[in-house]
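K.L.:
fold the following.
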Amino acid sequence: MWFFNSPEIVFGEDALSYLEQLEGERALIITDPTLHKLGFTERVERPLHAAQITTRVFAEVEPEPSIQTVQRGAALAADFAPDWIVGLGGGSAIDAAKAIQALYERPDLEPEAISPIIPLGIDRTKLIAIPTTSGTGSEATWALVLTDTAEKRKIALASRELVPRLAIVDPALTRDLPARITADTGLDALTHAVEGYTSTWSSDFTEGLCLKACQLVFRYLERAVADGHDMEAREHLANAASIAGLGFGNANLGLAHAMGHSFGGLFKQPHGRSVAIFLPYIMDYTLNNGCTRYADLARFAGVSQAADDLVAGRDLVQAARNLQARVGQPASAAAMGIDEDTYRGALETLCDYAEMDTQILAAPRIPDRSELEQLFRCAYTGEAVEF
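P.N.:
Numbers count the residues shown, from 1 in each chain. Next up, the predicted model:
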């Protein structure tokens, strides 16, 4: 028995105005300091106030939100007693909002204990996700990632009760997103689509979503990076992120995310950039074992017409590398400026954390310890994966 979970999604031009139709008394807005200073919070508060909803703001979410941050947010929620919790921002803010909702509803729970098998009993609050980036897909999923700052480790958590009640996908909120963040988050969406489609947990309900998201990213990411005010590209890329979220959120991910979580946590790198670094390497590794699933993605995205599935799969890997290069994504950890001695000294920990990551469970090819270490080495130097 399987499940498909989805929020109600309001998307397209002027989607933010839908907030005027909400019913409620109090909304707690979870965001980061930069968005708050730039006036994004006010843009969300205006339609909420028009709906006669009182607001309070928690603008302390850092990139890759920590356990301590969400505990502070939950304490504020306990004081304010909201009936709506609003996650405004990229994946970090939305993930933090999910964790804050969970801890507000279950104050006895430690953040690390958020799990599909532990009931949260959410009945006091409804969650709204409003993305300001186009990549994480967190607005459409029941997953979240927190950082244990003491151990420098990212923790992947999930609960079906944390699927947002409502997602507002308004491309106007991404119009002024810097090119570097547009690239990072867009490549995150591509990684979601590729890993969601090839996941061993994929299904009839998820495969079409991942195919479409992959096609949209290949078609529109470069345009959005080149011109942030290209609203056609912005809208399709925003849709791609949410569509990929629906796909992988109901199918799980794979090895690029397990390795990316481990790498990003240890070396303090943005999530999208981290998982994208590993994507071509794990695709080659999986293709070396005869996986033909990449061929469907290659043909649907229009990057290969090859009849042979393995050839089409290799075309997809090359197309991903080419796209990454065109949007300025480093091709290796060395190209990101990571010190070689520090990286090699961290290999054992990188492997430990990747093996503990839940995303590895659905990978179409799961490496043993020696293969995992070699994959990390290849992703540092940029050498080909030939095993």
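K.L.:
helices along the stretch 201-350 of the chain, start to end?
P.N.:
Per DSSP state H, counting those that start in this stretch, the stretch 201-350 of the chain carries helices over the ranges 204-226, 231-249, 255-267, 271-287, 293-301, 309-326, 340-345, 347-356.
K.L.:
next up, the contacts around L221.
P.N.:
L221 is in contact with 182-183, 186-187, 190, 233, 237, 323, 327, counting by Cβ atoms under 8 Å, 6 or more residues apart in numbering. The way it works is simple: take the backbone N, C-alpha and C, and place the C-beta from them, glycine included.
K.L.:
coming back round to it: what's the closest of the helices of the stretch 201-350 of the chain to A167?
P.N.:
A167 lies closest, by Cβ to Cβ, to one member of those: helix 231-249, at 6.5 Å.
K.L.:
domain assignment for this structure?
P.N.:
Taking automatic domain parsing as the reference, the chain has its domains at 8-174, 179-381.
K.L.:
nearest to M1, out of the ones you listed?
P.N.:
Distance to M1, taken as Cβ to Cβ, is lowest for domain 179-381 among the domains of the chain, at 11.6 Å.
K.L.:
show the end-to-end separation of the closest one, please.
P.N.:
Using Cα to Cα, to the nearest Å, one end of domain 179-381 lies 26 Å from the other.
K.L.:
hang on, the earlier thing: can you say which of the helices of the stretch 201-350 of the chain is nearest to G91?
P.N.:
Taking the helices of the stretch 201-350 of the chain one by one with Cβ to Cβ, helix 271-287 is closest: 6.4 Å.
K.L.:
just give the number of residues close to T34.
P.N.:
Using other Cβ atoms under 10 Å, T34 is surrounded by 12 other residues.
K.L.:
kindly list the main-chain dihedrals of it?
P.N.:
Per-residue torsions, T34: phi -70, psi -50 (degrees, to the nearest 10).
K.L.:
likewise for I338?
P.N.:
Backbone torsions of I338, given as degrees, to the nearest 10, read phi -70, psi 130.
K.L.:
ok, so of the contacts of L221, who is nearest D315?
P.N.:
Of all those, L323 has the smallest distance to D315: 12.4 Å, by Cβ to Cβ.
K.L.:
just to revisit the earlier point, need the helices of the stretch 201-350 of the chain in CSV with distance to D170 and mean pLDDT, can you?
P.N.:
Shown next, in CSV, are the helices of the stretch 201-350 of the chain (distance: least, Cβ to Cβ, whole Å; pLDDT from 0 to 100):
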stretch, distance to D170, mean pLDDT
helix 204-226, 15, 97
helix 231-249, 8, 97
helix 255-267, 27, 94
helix 271-287, 20, 96
helix 293-301, 26, 97
helix 309-326, 25, 97
helix 340-345, 39, 96
helix 347-356, 35, 95
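K.L.:
now distance to Y197 too, for these, in JSON lines please.
P.N.:
Formatted as JSON lines, the helices of the stretch 201-350 of the chain follow (distance: least, Cβ to Cβ, whole Å):
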{"stretch": "helix 204-226", "distance to Y197": "4"}
{"stretch": "helix 231-249", "distance to Y197": "7"}
{"stretch": "helix 255-267", "distance to Y197": "13"}
{"stretch": "helix 271-287", "distance to Y197": "12"}
{"stretch": "helix 293-301", "distance to Y197": "6"}
{"stretch": "helix 309-326", "distance to Y197": "11"}
{"stretch": "helix 340-345", "distance to Y197": "30"}
{"stretch": "helix 347-356", "distance to Y197": "21"}
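K.L.:
just so I know, which of these lies nearest S17?
P.N.:
Nearest to S17, of the helices of the stretch 201-350 of the chain and by Cβ to Cβ, is helix 231-249 at 15.8 Å.
K.L.:
what's that closest one packed up against?
P.N.:
Judged by 3 or more Cβ pairs under 8 Å, 6 or more residues apart in numbering; DSSP states H and E, helix 231-249 is in contact with strand 8-11, strand 126-131, strand 166-169, helix 179-198, helix 204-226.
K.L.:
for that helix, the distance to its chain's centre please.
P.N.:
11 Å (Cα atoms, centre = their mean, to the nearest Å).
K.L.:
quick one: pLDDT of the residue nearest to the spatial centre of the chain?
P.N.:
Centroid check for the chain by Cα atoms, centre = their mean gives T136 as the closest residue, at 2.7 Å. We have a pLDDT of 90 for T136.
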